[in-house]
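In: Turn this into a model:
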Amino acid sequence: MSSETTYLDVFRQLDWDEVKQSIYAKTAADVRRALDKPVRDLEDFKALISPAAAPFLEEMAVMSNRLTQQRFGKAMNLYIPMYLSNECQNICTYCGFSLDVDIPRKTLSDAEIEAEARILLEKGYGHVLLVTGEANKTVGLDYFRNAIRLLKPYFSQLSMEVQPLDEAQYRILVEEGIYAVLVYQETYHERDYKLHHPKGKKSNFAYRLETPDRLGRAGVHKIGLGVLFGLEDWRTDTFFCASHLDYLEKKYWKTRYAMSFPRLRPCAGGVELKSVMSDRDLIQLICAYRIFNQEVELSMSTRESAIFRDHVIKLGITSISAESKTDPGGYSSPDVNLEQFEIDDDRSTTEFADVIRKAGYEPVFKDWDWALM
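Out: The predicted structure is shown next:
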């Protein structure tokens, strides 16, 4: 572990129970004050995600729409995940890829990777998110380097959501051309984190928490953050995530940041939800993030329903996936079901792009090129 200061040092100064109590103690006056300020801090964010903010949701939505258009215009970036492997050495209570879940395991070969790439290219995508389970022995640095080299001729932008790596390994992937890395803490509730991750490298809370610091030092262009809503109290978890974002933006100011909003979906793991997040809650959270931070990119996946996704297009989201498959080889071999979790919105890319246009926005399939590296 690096001796350099990391977010872990900030995290150790915060107490989960005290933060939770502070959020739920916020009043309508605190919300009003936060909405009227030109610049908001983390205390204002607490107010915006608190139960006291619920009556202000319409005003928050209007403000979020305005602030998003001021910074991002009416462009909506589309991306699509490509699952390379469902092998995993971790046990996670909520994941369909968990080591203790009895499913067939598959890691794509070079030919299968290129078969997936050709299909996604035909759909028009320039931005692909590479996803794997966490299996260092079979799907590690060498596999990632090979996959990037295979895929660079097809796509202008490659991002990754894989197991946390060391700083030196991230530097190698940046040199290979990786653009962004997503790493979700899942939950910032340290005491219960172990309950959800009882076995495997992922059970190391501190190592995972310091991953964005390693990414920042490695010079990755964009870092994606998020928590898995349903594991713990969503308001408290998301405050810690916002605190993490605030810290990273100040320390690694050359890096861009994105926030995702995954709610637990049915999967082979079948964990019971501890905290239910309603659609209205999620809309409140999306608006709160935009009002708190006008620079962060806000991302939405196909976990959510078609109706919900259609409505949040105008509320602060700047990037969104479509026609996703959550299993390795899912595009070229759709009859073989090895999915990580069930998606909800299964509309085609063409159908969803039309929805975006009808909402007055422009679907963008490419906003980065290797020439910028």
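In: S348 contacts E323, doesn't it?
Out: Yes. At 5.5 Å, S348 and E323 qualify as touching, with contact defined as CB atoms under 8 Å. To be clear about C-beta, it is placed using only N, CA and C from the backbone, and glycine gets the same treatment.
In: Now the helix or strand of the chain with the lowest mean pLDDT: buried residues?
Out: One helix or strand of the chain scores below all others by mean pLDDT, DSSP states H and E: helix 190-196, with a mean of 91. For helix 190-196, the neighbour count (16 or more other CB atoms under 10 Å) marks 193, 196 as buried.
In: follow-up on the earlier one: looking at S348 and E323, which is more packed in?
Out: Neighbour tally, S348 and E323, criterion other CB atoms under 10 Å: the higher count belongs to E323, 20 against 11.
In: Would you mind pulling the contact partners of the helix or strand that comes right after the least confident helix or strand of the chain?
Out: Next in sequence after helix 190-196, counting helices and strands by DSSP states H and E, comes helix 205-209. Contacts of helix 205-209 with the rest of the structure, by CB atoms under 8 Å, 6 or more residues apart in numbering, involve 1, 6-8, 11, 164, 183, 185, 188, 190, 193-194, 201-202.
In: Mind giving me the packing neighbours of the least confident helix or strand of the chain?
Out: helix 205-209 (3 or more CB pairs under 8 Å, 6 or more residues apart in numbering; DSSP states H and E).
In: and the helix it packs on, what's its mean pLDDT?
Out: What helix 205-209 shows for mean pLDDT is 97.
In: repeat for stretch 145-160
Out: The predicted model assigns stretch 145-160 a mean pLDDT of 97.
In: likewise stretch 14-33?
Out: Here the average pLDDT along stretch 14-33 is 98.
In: CA-only coordinates of it in CSV, if you can.
Out: Taking Å, rounded to 0.1, in the frame of the first residue of the first chain, the C-alpha atoms of stretch 14-33 are listed here in CSV:
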residue,chain,number,x,y,z
LEU,A,14,-15.8,10.1,8.7
ASP,A,15,-18.2,7.9,10.7
TRP,A,16,-21.0,6.1,8.9
ASP,A,17,-23.6,6.5,11.6
GLU,A,18,-22.8,10.2,12.2
VAL,A,19,-23.1,10.9,8.4
LYS,A,20,-26.4,9.0,8.2
GLN,A,21,-27.8,10.9,11.2
SER,A,22,-26.7,14.2,9.6
ILE,A,23,-28.4,13.5,6.3
TYR,A,24,-31.7,12.5,7.9
ALA,A,25,-31.6,15.6,10.1
LYS,A,26,-31.6,18.0,7.2
THR,A,27,-34.6,20.3,7.0
ALA,A,28,-36.4,22.1,4.2
ALA,A,29,-34.5,25.3,5.1
ASP,A,30,-31.2,23.4,4.5
VAL,A,31,-32.5,22.3,1.0
ARG,A,32,-33.7,25.8,0.2
ARG,A,33,-30.2,27.2,1.2
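In: how about low-confidence regions in the chain?
Out: 1-3, 100, 265-273, 335-343, 367-373 (pLDDT under 70).
In: Could you pull up the contacting residues of the nearest residue to P55 once chain neighbours are set aside?
Out: Residue nearest to P55 in three dimensions, not counting chain neighbours: A28, with 7.1 Å by CB to CB, 6 or more residues apart in numbering. Residues near A28 by CB under 8 Å, 6+ apart: 52, 55-56.
In: Let me know the closest of those to M82.
Out: Distance to M82, by CB to CB, is smallest for F56 among the contacts of A28, at 39.6 Å.
In: hang on, the closest one is in a helix, isn't it?
Out: Yes. Counting by DSSP: H, G, I helix; E, B strand; the rest coil, one finds F56 located in a helix.
In: doesn't L35 make contact with it?
Out: Yes. In terms of CB under 8 Å, F56 counts as a neighbour of L35; the distance is 6.7 Å.
In: Surely R357 is in contact with P363?
Out: Yes. Between R357 and P363 there is a contact under CB under 8 Å: 6.8 Å.
In: Please identify which of these two sits among more neighbours.
Out: P363 (19 against 12).
In: which ones are touching that one?
Out: For P363, the contact set (CB under 8 Å, 6+ apart) comprises 76, 78, 352-353, 356-357.
In: Could you tell me the end-to-end distance of stretch 285-298?
Out: 11 Å (CA to CA, to the nearest Å).
In: So the nearest residue to E297 once chain neighbours are set aside, which state does it fall into?
Out: Counting by CB to CB, 6+ apart, A258 is the residue found nearest to E297 once chain neighbours are left out, at 4.0 Å. Going by three-state DSSP, the secondary structure assigned to A258 is strand.
In: residue ranges of the strands in the stretch 251-373 of the chain, please?
Out: Using DSSP state E, counting those that start in this stretch, the strands found in the stretch 251-373 of the chain span residues 256-260, 297-300, 319-321, 362-364.
In: Any idea which of those gets closest to D279?
Out: Taking CB to CB, strand 297-300 is the member of the strands of the stretch 251-373 of the chain nearest to D279, at 12.4 Å.
In: Which strands or helices does the closest one pack on?
Out: Packing partners of strand 297-300 (3+ CB pairs under 8 Å, 6+ apart): strand 256-260, helix 279-292, strand 319-321.
In: With distance to D15 and mean neighbour count added, can I get those in CSV?
Out: Shown next, in CSV, are these (distance: least, CB to CB, whole Å; neighbours: other CB atoms under 10 Å):
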stretch, distance to D15, mean neighbour count
strand 256-260, 23, 20
helix 279-292, 21, 22
strand 319-321, 33, 22
